[in-house]
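Student: structure, please.
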Amino acid sequence: MVKLIDATDLILGRVASYVAKEALKGEQFIIINSEKAVISGSKKAVFEKYKSRVDRGEPFKGPFFPKRPDLLFKRAIRGMLPYKQDKGRKALKRIKVFIGNPNLESIPEPINMEKMNAKKLKLLKYVKLEELCKYLGWK
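Tutor: Numbers count the residues shown, from 1 in each chain. Next comes the predicted model:
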C-alpha cells in the first residue's frame with residue numbers, strides 16, 4: 001500500500017527518519033510539496049552548514065550534493081538508510097519525492113503528521129527547504 005505525505009510545514013529530519021524506518025519494513029511512500037518542508041535552526045547556521053556541503057569536493061570528481069528540494073529531501077532520507085546494502089537500496093527505491101503536487105492517477109489520503117509539524121518547535125527558528133535551495137543555487 002502506498003502512503004502519501006504532504007511535507008508542508010513538516011520538519012525534514014523527523015519526516016525523513018519516519019519514512020526511512022517504515023521503508024525498511026516494506027512500505028511505499030509518495031512525498032509531495034517537498035519544497036515546503038522546514039529545517040530547524042537559525043537561518044545563518046543552516047545556510048552555512050549546507051553551503052559547506054555543496055562547496056566540498058571538486059566539480060568533476062564529487063562528492064555531488066543536490067540543490068533541488070526534492071533531491072535534497074531524498075538525500076536526507078538516504079542518510080538514514082543503509083543504502084550500500086541491498087535492503088537499503090530497495091527501501092530507497094520505494095520512496096518518491098516531488099516538488100509541488102503532481103498529477104497522480106490515484107492519490108491516497110495524506111497521513112496525519114501533526115506531531116512532526118514545525119509549529120511544535122519551542123523556538124520558531126527554521127528555514128523552508130525552498131529558501132535554502134535558492135540560496136544554494138537552485139532556480
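Student: okay, the closest residue in space to Arg78 that isn't next to it in sequence: pLDDT?
Tutor: What sits nearest to Arg78 in space, not counting adjacent residues and going by CB to CB, 6 or more residues apart in numbering, is Leu92, at 5.9 Å. All C-beta atoms are positioned from the backbone trio N, CA, C, and that covers glycine. Reported pLDDT at Leu92 in the predicted model: 97.
Student: now swap in Pro102 and tell me
Tutor: 88.
Student: go on, the one 10 residues further on?
Tutor: Reading off the per-residue confidence, Asn112 sits at a pLDDT of 82.
Student: contacting residues around it?
Tutor: For Asn112, no contacting residues are found, by CB atoms under 8 Å, 6 or more residues apart in numbering.
Student: can you give me the helices in the chain?
Tutor: 12-24, 43-55, 69-78, 86-93, 129-136 (DSSP state H).
Student: contact partners for the residue nearest to Arg78?
Tutor: Ala23, Lys74, Ile77, Arg78, Leu81, Tyr83.
Student: try it again with 7 Å
Tutor: Arg78, Leu81, Tyr83 (CB atoms under 7 Å, 6 or more residues apart in numbering).
Student: got it, and Leu129?
Tutor: Leu12, Ser34, Glu35, Ala37, Val38, Ile39, Pro69, Leu72, Phe73 are the contacts of Leu129 under CB under 7 Å, 6+ apart.
Student: state the distance from the residue nearest to Arg78 to Leu12.
Tutor: 16 Å (CB to CB, to the nearest Å).
Student: likewise Glu114?
Tutor: From Glu114 to Leu12 the distance is 16 Å (CB to CB).
Student: which of the helices of the chain is buried the deepest?
Tutor: helix 69-78 (a mean of 21; mean count of other CB atoms under 10 Å).
Student: contacts for it, please.
Tutor: Residues contacting helix 69-78 (CB under 7 Å, 6+ apart): 12-13, 16, 19-20, 31, 34-35, 37, 66, 92, 95, 97-99, 129-130, 133.
Student: mind checking how far Gln85 is from Leu92?
Tutor: When Gln85 is compared with Leu92 (using CB to CB), they lie 11 Å apart.
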